[in-house]
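[1] Sequence and predicted structure below; questions after.
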Amino acid sequence: MSSTRDSANSGADGTAFGQALTLGGLTVRLAGPKDMPALGRLRARAFRGDDQAYDLDEQDSRAWHLWLGQSTQADCPGAAAEPLATARLTLHTARASLLAGYCAQSYDLCALSALPGPVLEVGRVCLDPRIEADMPRRADLFRLLWAGTARLVLRHQVQRLVGCASFATTDPRSCLPALKVLAARHIGPARLRPAKKAAETFDLPAPGADITMEGLQALPPLLRAYLAWGGWVSDHLVIDRDLATSHVFTCVEVATMPDARKRVLARMADGGGAGPLGQAAIAGTGRG
């Protein structure tokens, strides 16, 4: 298997991803270098509310990037191909690579990094906020996003997905009902979940609190999707002042995913319907 950097740079000829996937006039493909300015503007618009800035960092050169947009623009060069959604996906095939990734800046991943097998780190997931009210299009974009992720998971024999799932607040107390759901059902095993590393953290509540419909509905869409895949979370949040969010670490073990989800994963990777995996992430802001 190629290195993370080599894999990231193979998007132009499609060897890492294969043919583009389409749904309802929308397409997902791997982005190339000429797409990055447009993706940076989209990320700045979604994460920072700034149409003029670029949200790009040193992690981008190590990663694949999904470009999602109108099929009529999918083959346009560079800036002419306006994206409607994107995600950054970094393949880690060695412990040192995972420990140099984005999540490891905020979480101590030493225990998790000792496990064998490739890890796919998912980040900078966002949809263009200008289509916030267009729920059918948002639904199709989420289905395609997960289809593209599924394609990479199966194509590169990924053993686990990791990432940070964000709440749109720097005051975690404002989302306590959702945090109670995580504490009661979804905290990861003690031997694997990350230790604290960031300067500002917030512990999840003690398990045993009542789970409410308010709490279930308050789970961010990206986090809901991870949990639908059988994922687990850290026992604390990290407060991110830069992006004005609070996030939890998430991990999905592909081998222990529910069988029904695995079948959907395979269908998605082949370009079939996204089913409940896409549905799990339809509502909300589409940030993660």
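    Sure thing, it's come through. Residues are numbered from 1 along each chain as shown.

[2] Quick check: which ranges of the stretch 51-200 of the chain have low pLDDT?
    77-80 (pLDDT under 70).

[3] the strands in it, which residues?
    64-70, 85-92, 107-108, 119-127, 160-167, 195-196 (DSSP state E, counting those that start in this stretch).

[4] by how many degrees do the fourth one and strand 160-167 diverge?
    Between the direction of strand 119-127 and that of strand 160-167, the angle (axes from the mean of the first three to the mean of the last three CA atoms, to 10 degrees) works out to 30 degrees.

[5] Equivalent analysis for the first one, please.
    Interaxial angle, strand 64-70 versus strand 160-167 (the same axes, to 10 degrees): 60 degrees.

[6] Helices of the stretch 101-250 of the chain, start to end?
    Residue ranges of the helices in the stretch 101-250 of the chain, as given by DSSP state H, counting those that start in this stretch, are 110-113, 135-155, 176-185, 213-217, 221-228.

[7] Would you mind pulling up the elements that the last one packs against?
    Counting contacts by 3 or more CB pairs under 8 Å, 6 or more residues apart in numbering; DSSP states H and E, the secondary-structure elements packed against helix 221-228 are helix 135-155, strand 160-167, strand 245-253, helix 275-279. C-betas here are computed from N, CA, C, even on glycine.

[8] Report the mean per-residue pLDDT for it.
    Averaging pLDDT along helix 221-228 yields 92.

[9] Then the fourth one?
    Rounded to a whole number, the mean pLDDT of helix 213-217 is 93.

[10] List the buried residues in that helix.
    Within helix 213-217, the residues that count as buried by 16 or more other CB atoms under 10 Å are residue 215.

[11] right, and the helices and strands packed on helix 221-228 - which one's nearest residue 48?
    For residue 48, the closest of those is strand 245-253, at 10.9 Å, according to CB to CB.

[12] Show me what the closest one is packed up against.
    So strand 245-253, by 3+ CB pairs under 8 Å, 6+ apart, packs with strand 160-167, helix 221-228, strand 232-240.

[13] and it, which residues are buried?
    For strand 245-253, the buried set under the neighbour-count rule, 16+ other CB under 10 Å, comprises 245-253.
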